[in-house]
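S.K.: only geometry, no sequence info:
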Ligand SMILES: O=C(O)c1cc(=O)[nH]c(=O)n1[C@@H]1O[C@H](COP(=O)(O)O)[C@@H](O)[C@H]1O
């Protein structure tokens, strides 16, 4: 998917919502546990209920990897289902990878080819040779952690380097020099909305993946005020707030309602 196509989807559907698939067998309705693949059964129902209100899905691979081979199979089924039925939705594998060059290439093949996602979250701290292999795939995106939503983000990411620029700003500035930097997106936590003005000075054009609304308490309004750019430039993720809106038989319907509520709020911000 090109960024122009992504922007067109956002504008035509009036939403820049990304639904996070953080599927936990301990939280899904009991009746699904009788299914041959309960994780996929849950995801499929959530996807069918929320697709009109979002432009992206973010399966967090930890929630699949935790179940070993069965989890990987569920991830693959989920991605195949999305590609076949909802090809206009961006699929972001949230795996937070990144390693020396030849290893990064294998991760890229795993998540861009073998399990064909459109984007992959990456920890940038091993530097240029660990990130550029992900940027060799046309139509695919590396989503680098810039300023994360969790409290520990302040341990390192906001520290000044050698008394100068803060580390997260250095990550943004330096990675914009990488080859195929137009295939980069960045993660910024919704809980860090007050930093978005500084972030936009360094990456005015880039798409930002913003997790942390809903369960983590970030404000959609503040994120839009400080983070939106002329191509919208935002994908706002909510996982638990949508997929566990109900843990009963009406779970999919309630997930759809939550997604519709967010879509309505986003639509207002776009107009
Ligand atoms: O890369 C991410 O997606 C991510 C980065 C970050 O800074 N904070 C963050 O919460 N996430 C992910 O975004 C999702 C947030 O889930 P909820 O808090 O349930 O909406 C989880 O899958 C997290 O792993």
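M.R.: Sure, I can see it. The structure presented is a predicted model; accordingly, all values stated were derived computationally and were not measured.
S.K.: get me the contact residues on this structure for the ligand.
M.R.: Remark: the part of the chain in contact with the ligand comprises 20, 22, 60, 94, 121, 148-150, 187, 189, 211-212, 214-216, 237-241, using Cβ under 6 Å from any ligand atom. (C-beta placed from N, C-alpha, C; glycine too.)
S.K.: helices of the protein, start to end?
M.R.: Along the chain, the segments classed as helices by DSSP state H run 3-13, 38-50, 62-65, 68-85, 101-109, 128-131, 153-156, 167-175, 196-202, 220-227, 240-243, 251-270.
S.K.: so how far is residue 219 from residue 265?
M.R.: 11 Å (Cβ to Cβ, to the nearest Å).
S.K.: neighbour count: these two, which is higher?
M.R.: Between residue 265 and residue 219, residue 265 has the larger neighbour count (other Cβ atoms under 10 Å), namely 16 against 13.
S.K.: OK, contacts around the more buried one?
M.R.: By Cβ atoms under 8 Å, 6 or more residues apart in numbering, the contact list for residue 265 reads 220-221.
S.K.: separation between it and residue 14?
M.R.: Between residue 265 and residue 14 the distance is 10 Å, computed by Cβ to Cβ.
S.K.: to what extent is residue 116 buried, counted in neighbours?
M.R.: Applying the criterion other Cβ under 10 Å, we find 15 residues in the vicinity of residue 116.
S.K.: one more: the one 3 residues further on?
M.R.: Here the neighbour count serves as a burial measure; for residue 119 (other Cβ under 10 Å) it reads 26.
S.K.: so what sits opposite it in the bridge?
M.R.: In this entry, residue 119 is beta-bridged to residue 92, residue 141, by DSSP bridges.
S.K.: any weak-confidence spans in this structure?
M.R.: Along the chain, no part satisfies pLDDT under 70.
S.K.: looking at it, which residue reaches furthest from the middle?
M.R.: Of all residues in the chain, the one whose C-alpha sits farthest from the chain's mean C-alpha position, using Cα atoms, centre = their mean, is residue 163 at 31.8 Å.
S.K.: in stretch 52-67, which residues are buried?
M.R.: The neighbour-count check on stretch 52-67 (16 or more other Cβ atoms under 10 Å) flags 53-61, 63-64, 67 as buried.
S.K.: thought residue 83 was touching residue 117?
M.R.: No. Proximity of residue 83 to residue 117 does not meet the contact threshold set by Cβ atoms under 8 Å, at 9.0 Å.
S.K.: give me phi/psi at the residue of the stretch 51-200 of the chain found nearest the ligand?
M.R.: When you check the stretch 51-200 of the chain against the ligand by Cβ to the nearest ligand atom, the closest residue turns out to be residue 148, at 3.1 Å. Main-chain torsions, residue 148, degrees, to the nearest 10: phi -80, psi 170.
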